[in-house]
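Participant: can you look at this prediction? I've put the sequence above it.
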Amino acid sequence: MTVWPAIELGVNIDHVATVRQARYAKNSSSINVEPDPVEAALAAERGGAIGITAHLRQDRRHVVDSDIFRLKEAIGTKLNLEMGNSPEIVAIALKVLPADVCLVPESREEVTTEGGLDCISHRAALEPTLKSMRDAGIRVSLFIDPDPDQIATAASLGAPVVELHTGAYAEASGVARDEELARLMEAARLASEAGIQVNAGHGLNYVNVQPILTLPKLVELNIGHSIVSRSIFVGFEQATREMVECLRF
């Protein structure tokens, strides 16, 4: 019988901030504002999360700057800062000094991140950012589609981690989902053979996550919306704990 190592869970708290901003967008830093993403992060840690992920967007639609600084000070695990490759956000990352940053594509029109970062087209812009993060002791992950050319470019950039975009898999069904899983399997294999840590995420939930656990050398999954949704009914700590149990394959 094959025994698979437990996959680690990073919990994305963006949508906790989304709920807060729905009412308090103009005064999200004042007292008595709820829900507090930091409280959610601490509950996630109690539930077994090994890290907290938050995306500081240029338009600050959910997470705001103060959230990032407060998270860095409050949590006991690691902060994974999702970010677009813009000079403003890069500068903030270098002030906060999270353990990890995950570079993602960013569009003001999208509701959430859609598709992976095109490392090939944006290679010249990515190189100095990876260097500045590396010099500051911050580990960089590139959020990319499960494409061999993207894996090869990530390797040539010296990225220590890739996060494979699982959105197409999560939205597919039947044969199409099997095909997307096969793409992810091959991408994970190529990345691990190149010496890159394999993480994954986007659109994963308590039902569709199980097949993803078979990706070669998979280390970490970053999951947010499903846990936030489940927490409405069972609380954030329990929702996290249930997802941790799902990852014990």
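Facilitator: Sure thing, it's come through. This structure is a prediction, so every number in the text was calculated from the model and none was measured.
Participant: endpoints of stretch 115-125, how far apart?
Facilitator: Counting by CA to CA, to the nearest Å, you get 18 Å between the two ends of stretch 115-125.
Participant: buried residues, it. List them.
Facilitator: Within stretch 115-125, the residues that qualify as buried by neighbour count (16 or more other CB atoms under 10 Å) are 115-119, 122. Glycine gets a C-beta too; all of them are placed from N, C-alpha and C.
Participant: now do the same contact list for Tyr169.
Facilitator: Contacts for Tyr169 (CB atoms under 8 Å, 6 or more residues apart in numbering) come out as 177, 180-181, 183-184, 203, 208, 212.
Participant: where does the prediction get shaky in this structure?
Facilitator: Counting by pLDDT under 70, the chain has low-confidence residues at 1-5, 28-31, 107-114, 249.
Participant: repeat the analysis, applying 90 as the threshold.
Facilitator: Within the chain, the stretches with pLDDT under 90 are 1-6, 25-33, 106-115, 248-249.
Participant: show me where it has its strands.
Facilitator: 8-12, 51-55, 79-83, 100-103, 139-144, 161-165, 197-201, 218-223 (DSSP state E).
Participant: output those in a markdown table; the columns should cover distance to Ala154.
Facilitator: Shown next, in a markdown table, are the strands of the chain (distance: least, CB to CB, whole Å):
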| stretch | distance to Ala154 |
| --- | --- |
| strand 8-12 | 19 |
| strand 51-55 | 19 |
| strand 79-83 | 16 |
| strand 100-103 | 10 |
| strand 139-144 | 5 |
| strand 161-165 | 5 |
| strand 197-201 | 11 |
| strand 218-223 | 15 |
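Participant: and Thr153, which of these is closest to it?
Facilitator: Thr153 sits nearest to strand 139-144 of all the strands of the chain, at 8.4 Å, using CB to CB.
Participant: just how off-centre is that closest one within its chain?
Facilitator: Chain-centre distance of strand 139-144: 9 Å, with CA atoms, centre = their mean, to the nearest Å.
Participant: do the same with stretch 139-154
Facilitator: Centre-to-centre, stretch 139-154 and its host chain are 14 Å apart (CA atoms, centre = their mean).
Participant: again with stretch 184-195
Facilitator: 18 Å.
Participant: what's the spacing between the residue most central in space within the chain and Asp135?
Facilitator: With distances taken as CA atoms, centre = their mean, the residue of the chain nearest its centroid is Asn222 (4.5 Å). Per CB to CB, to the nearest Å, Asn222 is found 25 Å from Asp135.
Participant: for the closest residue in space to Ala41 that isn't next to it in sequence, list each beta-bridge partner.
Facilitator: Counting by CB to CB, 6 or more residues apart in numbering, Ile52 is the residue found nearest to Ala41 once chain neighbours are left out, at 4.4 Å. Counting by DSSP bridges, Ile52 forms beta bridges with Val11, Leu79.
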